[in-house]
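# Sequence first, predicted model second:
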Amino acid sequence: MMWQTSKHMRTTSHFRSAVLANVTLLFVVFLSALSVSSVTFGKSMPKETIHELEASQQWQQTLNDARGQTVYFYAWGGSKPVNDYLRWAAREIASRYKVRLRHVKVADISEAVSRLKAEDGSKSAVDLLWINGENFSYLKEQKLLLGKLPSAIPNTLLLATEQLSLDNDFGVPMDGYEIPWGVGQFNLIANQSLFSAKNLEKSSISPADILNAAKRKPGRISYPRPPEFHGTTFLKQLLVALTDNDPRLFSLATPEAQQQLLPVLWDYLDKLHPLIWQNGSAFPSSNTEQLALFSQQQLDLAVSFNPNQMAKEQSEKRIASSTQRLFFNDGAITNSHNLAIPKGAQSPAGAKVVIHFLLSELAQKHKVDGSWGDPAVITPLLDPASTLPAQQELHSSWQQVIEDTWQKKYGA
């Protein structure tokens, strides 16, 4: 997921002292000498500290158990840069740890969640999940995830929890059931002619700016069809702006709150849809398709959850150098995307080793610098200059409500 934090975000940084479990008495004394009563992830921890954890009996046993295991990693497969990155990671993990990583590509991680629901905690075909939001909330509530992950994986000490909000996932405490892997910030990629010079100067827009642009250039704007998460996030950004950042959006979506807050979004979309691509009768299936339409000059707007994507696309000459990156006036909805291990995983040790590697400086740097360009979540690689002002993510309960209502109103 490093960024500027809005007034609605709090950077809580303390993971529980469970990370000290099974570490030698000598290491406990070492930490005590540093006056650390509860281990804080994300501080500039000495590399010797991580080396101590890697040398511990607990981690050495994990490495021994993992050797020869195959880890089936269920993760979105809709992005070539992500797929390429995971192929690179698989080679590195096999070479370093003798663990085989198999990327099981899914169109939506809910496919894996449905499988875990059917397995109901028994032996699972899923060893590792790329997850966040309502899917995490459901699996945590159903007690289908392995817990105490921070205390079991040494490189979690590198997590930048003092600078980033990494303890909650769409308003739901992680509580050690998932580990941040990267961050996303919702942004718009636009042709220079779409918005006003004032918008381009400050790099931010409002719902009114989008509506005005659609009136001036009909058929040139769209967004991915919900429940594709880029499309849903576009709707959430609109809702935040149209309700003046109502605090009820960041807690459970009660029936009363829904009745009072959602109509303004549907009224806005009723005005916008007749002016957009296909007159709002069809939508891109994903942000990948929308970006392709943008690069083919069929659209003047694309959406992304990667603040570095525009620069990556420009560097590879897929889009014009004059293209602009913009965000909503209240800030870019920002969240982490995370890794979790099902309770019924057949290779849990191997999955922990995979997470450990993916949090390493080598793997995080390759993720940032390669074609994916996904921002890092570890302290040594934070780059505030590349990120956007942040807007808090809505509570996970709003997502299903927004998607279901959108489908009823516009999905036919």
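Yes, it's here. Model, not experiment: these values are computed from the prediction. Numbers count the residues shown, from 1 in each chain.

# only C-alpha atoms for contact and neighbour calcs from this point on.
Will do.

# So Gly350: helix, strand or coil?
helix (DSSP: H, G, I helix; E, B strand; the rest coil).

# I meant to write Ala257 there.
In the three-state summary, Ala257 is assigned as helix, counting by three-state DSSP.

# Okay, it and Ser396: tell me how far apart.
Separation of Ala257 from Ser396 (CA to CA, to the nearest Å): 14 Å.

# cool, and Gln298?
When Gln298 is compared with Ser396 (using CA to CA), they lie 33 Å apart.

# I'd say Asp120 and Lys143 touch.
No. With contact defined as CA atoms under 8 Å, Asp120 and Lys143 do not form a contacting pair (9.3 Å).

# what about the protein, any weak spots by pLDDT?
Applying pLDDT under 70 to the chain flags the ranges 1-48, 385.

# what about the strands in it?
Per DSSP state E, the chain has strands spanning 70-76, 100-106, 128-131, 168-169, 172-173, 179-185, 187-190, 204-205, 301-304, 324-328, 332-340, 390-392. These are given in chain order.

# quick one: which of those strands is nearest Phe234?
strand 301-304 (8.2 Å; CA to CA).

# between the strands of the chain, which one is nearest to Glu54?
Shortest separation from Glu54 across the strands of the chain is recorded for strand 179-185, at 17.7 Å, computed as CA to CA.

# Residues contacting the closest one, please?
Counting contacts by CA atoms under 8 Å, 6 or more residues apart in numbering, the residues outside strand 179-185 that touch it are 1, 149-150, 156, 159, 166, 304-307, 332-340, 355, 358-359, 374-377, 387-388, 390.

# Could I get the strands of the chain in a markdown table, plus columns for distance to Val264 and mean neighbour count?
Listed next are these as a markdown table, based on distance: least, CA to CA, whole Å; neighbours: other CA atoms under 10 Å:
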| stretch | distance to Val264 | mean neighbour count |
| --- | --- | --- |
| strand 70-76 | 32 | 23 |
| strand 100-106 | 34 | 18 |
| strand 128-131 | 30 | 25 |
| strand 168-169 | 26 | 22 |
| strand 172-173 | 26 | 16 |
| strand 179-185 | 24 | 24 |
| strand 187-190 | 22 | 24 |
| strand 204-205 | 18 | 20 |
| strand 301-304 | 22 | 25 |
| strand 324-328 | 17 | 23 |
| strand 332-340 | 19 | 25 |
| strand 390-392 | 20 | 24 |
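
# Out of those strands, which is closest to Ser56?
Of all those, strand 179-185 sits nearest to Ser56, with 20.6 Å by CA to CA.

# partners of that closest one in the sheet?
strand 332-340 (antiparallel) (DSSP bridges).

# What angle do strand 70-76 and the strand it pairs with make with each other?
Here strand 332-340 runs at an angle of 160 degrees relative to strand 70-76 (axes from the mean of the first three to the mean of the last three CA atoms, to 10 degrees).

# And strand 332-340, how far out from the chain middle?
Its chain's C-alpha centre and that of strand 332-340 lie 3 Å apart, by CA atoms, centre = their mean, to the nearest Å.

# cool, stretch 359-379 as well?
Per CA atoms, centre = their mean, the displacement of stretch 359-379 from the mean C-alpha position of its chain is 14 Å.

# how long is it end to end?
Terminal residues of stretch 359-379 are spaced 11 Å apart (CA to CA).

# Which residues does that stretch contact?
1-2, 42-44, 81-82, 85, 89, 155-156, 158-160, 164, 180-184, 306-309, 312, 357-358, 380-382.

# Give me the distance between the spatially most central residue of the chain and Val377.
With distances taken as CA atoms, centre = their mean, the chain has His337 as the residue nearest its mean C-alpha position (2.8 Å). Here the criterion is CA to CA. By it, His337 lies 10 Å from Val377.

# ditto for Ile210
For Ile210, the distance to Val377 equals 32 Å [CA to CA].

# more neighbours, these two?
More crowded of Ile210 and Val377, by other CA atoms under 10 Å: Val377, with 28 against 16.

# how close does that one get to Glu134?
21 Å.

# Same check on Ile319?
33 Å.

# just Ser193 next, same as before
Using CA to CA, one obtains 37 Å as the distance from Ser193 to Glu134.

# And the two? Which one has more around it.
When neighbours are counted by other CA under 10 Å, Ser193 and Glu134 differ, and Glu134 comes out ahead with 20 against 14.

# wait, what's in contact with the more buried one?
Glu134 touches 170, 396-397, 399-400, counting by CA under 8 Å, 6+ apart.

# what about burial for those, which qualify?
Of all those considered here, the ones buried according to neighbour count by 16 or more other CA atoms under 10 Å are 170, 396-397, 399.

# Pick the one among the residues you listed closest to Ala351.
The shortest distance between Ala351 and any of the buried ones among the contacts of Glu134, using CA to CA, involves Phe170 and amounts to 23.8 Å.

# For Asn329, list the residues it contacts.
Under the contact definition (CA under 8 Å, 6+ apart), the residues listed for Asn329 are 204-206, 241.

# Now that we have these, can you turn them into TSV and tack on distance to Gly350?
As requested, these are arranged in TSV below (distance: CA to CA, whole Å):
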residue	distance to Gly350
Ser204	43
Ile205	45
Ser206	46
Ala241	43
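
# Turn the strands of the chain into a markdown table, including distance to Ser222.
Converted to a markdown table, the strands of the chain look like this (distance: least, CA to CA, whole Å):
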| stretch | distance to Ser222 |
| --- | --- |
| strand 70-76 | 23 |
| strand 100-106 | 24 |
| strand 128-131 | 26 |
| strand 168-169 | 28 |
| strand 172-173 | 31 |
| strand 179-185 | 19 |
| strand 187-190 | 11 |
| strand 204-205 | 15 |
| strand 301-304 | 7 |
| strand 324-328 | 15 |
| strand 332-340 | 18 |
| strand 390-392 | 22 |
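
# closest one to Leu275 among the ones you listed?
With distances scored as CA to CA, the stretch of the strands of the chain nearest to Leu275 is strand 301-304 (13.5 Å).

# Buried residues in the top helix by length along the chain, which are they?
If each helix of the chain is counted by residues according to DSSP state H, the longest one is helix 80-97. Counting neighbours by 16+ other CA under 10 Å, one finds that the buried residues in helix 80-97 are 81-83, 85-86, 89-90, 92-94, 97.
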